[in-house]
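S.K.: prediction below, plus the sequence it came from.
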Amino acid sequence: MTQIETSQAPDPTVDSHVRVTLDDGQVVTGVIVEDFGELIPADGTIEAPIDAELGIARLRRFVITTDRGVVFGDVDTVEVID
């Protein structure tokens with residue numbers, strides 16, 4: 001029986017070059033400059049009401065600099081690239 005190796009993408013960390021899928025579906029690339037992972041509880045997310053017009057904001061794990069400015073992402077929207 002032949003064993004098939006599966007390569008797993010590295011975990012995103014500060015200074016990782018990443019591809020980020022934004023809420024509107026756009027994809028941008030950049031570098032992680034901050035990781036707020038320690039602030040997010042293991043059992044869920046943190047959401048905060050902003051106001052009646054903007055609704056609720058969710059804390060994102062990563063701050064990423066791109067050529068378009070700063071964006072925010074989570075583990076499920078960030079992919080490490082070489």
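M.R.: The structure has been received and is ready for your questions. Numbering: from 1, shown residues only.
S.K.: in this structure Thr65 contacts Glu34, no?
M.R.: No. With contact defined as CB atoms under 8 Å, Thr65 does not reach Glu34; the gap is 9.6 Å. For glycine as for every other residue, the C-beta is placed from the backbone atoms N, C-alpha and C.
S.K.: quick check: longest strand of this protein.
M.R.: strand 27-35 (DSSP state E).
S.K.: so what touches the helix or strand following that one?
M.R.: Once strand 27-35 ends, the next helix or strand along the chain (criterion: DSSP states H and E) is strand 47-51. With contact meaning CB atoms under 8 Å, 6 or more residues apart in numbering, strand 47-51 is reached by Gly55, Ile56, Ala57, Arg58, Leu59.
S.K.: between those, which is nearest Pro41?
M.R.: Nearest to Pro41, judged by CB to CB, of these is Leu59 at 10.0 Å.
S.K.: now the closest one. Nearest residue, chain neighbours left out?
M.R.: Distances taken as CB to CB, 6 or more residues apart in numbering put Ile46 closest to Leu59, at 4.2 Å, once the chain neighbours are dropped.
S.K.: tell me the contacts of that neighbour?
M.R.: So Ile46 contacts Leu39, Ile40, Arg58, Leu59 (CB under 8 Å, 6+ apart).
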